[in-house]
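Enquirer: A predicted structure for the sequence below; I have some questions about it.
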Amino acid sequence: FTVEEDCMDPSRDAYRSSTIGECLRKSLQDMINEGSFTVEEAQKVMEFFDESICQKLDEAGAKSGKSSSKGRTSISGGLHTYQQVGNVWNLVIENASITNLKPFDNESKLEEQKAKYLKIIVTEKKK
């Protein structure tokens, strides 16, 4: 058994393949191999991770939708590849420029980062 086999929902795969999701999965797999965790316990932890990350992202999205939003981000570049599976979109932006405009005291602060490739994973909200 591997913990990754438990992931059947493609939208959850996006969270589980993130850095924190991969670290959690590897740690749980190590604990299963050592006998300190059962497969069922590891599955419960992964389910809790899925629920928690979705809840926090929903809360962050709700906060950013209010007029009290603290900033704005824009992404520009060329679309290298895209793929849609189920309700999950994978986009790869080439020569990406990420610009953050954040209010800082009474002035606006502009931050820009560049990346050769930027992968964006978006899931459609379930109705």
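Expert: Right, received. Where do you want to start? Numbers count the residues shown, from 1 in each chain.
Enquirer: quick one: the closest residue to Tyr15 other than its chain neighbours and Gly78, what's the gap?
Expert: Once flanking residues are discounted, Tyr15 sits nearest to Ile53: 4.7 Å by CB to CB, 6 or more residues apart in numbering. Where C-beta positions appear, they are placed from N, C-alpha and C, glycine not excepted. With distances taken as CB to CB, to the nearest Å, Ile53 is found 30 Å from Gly78.
Enquirer: What are the neighbouring residues in contact with the residue most central in space within the chain?
Expert: Nearest to the mean C-alpha position of the chain, counting by CA atoms, centre = their mean, stands Tyr15 at 4.9 Å. Neighbour list for Tyr15: Gly21, Phe49, Asp50, Ile53, Cys54 [criterion: CB atoms under 8 Å, 6 or more residues apart in numbering].
Enquirer: rewinding a little: next up, identify which helix or strand the residue nearest to Tyr15 is on.
Expert: Per DSSP states H and E: Ile53 is located in helix 39-64.
Enquirer: just the contacts of Tyr15: which has the poorest pLDDT?
Expert: Minimum pLDDT for those is recorded at Cys54 (76).
Enquirer: Tell me the backbone dihedrals of Phe37, please.
Expert: phi -140, psi 140 (degrees, to the nearest 10).
Enquirer: so what's it closest to, chain neighbours aside?
Expert: That would be Met31: by CB to CB, 6+ apart, it lies 3.8 Å from Phe37.
Enquirer: gap between the one you found and Ser17?
Expert: 20 Å.
Enquirer: These two: who's more crowded?
Expert: Neighbour totals were compared for Met31 and Ser17, and Met31 leads with 16 against 13 (other CB atoms under 10 Å).
Enquirer: where does this structure dip in pLDDT?
Expert: Within the chain, the stretches with pLDDT under 70 are 1-14, 58, 60-71, 102-109, 126-127.
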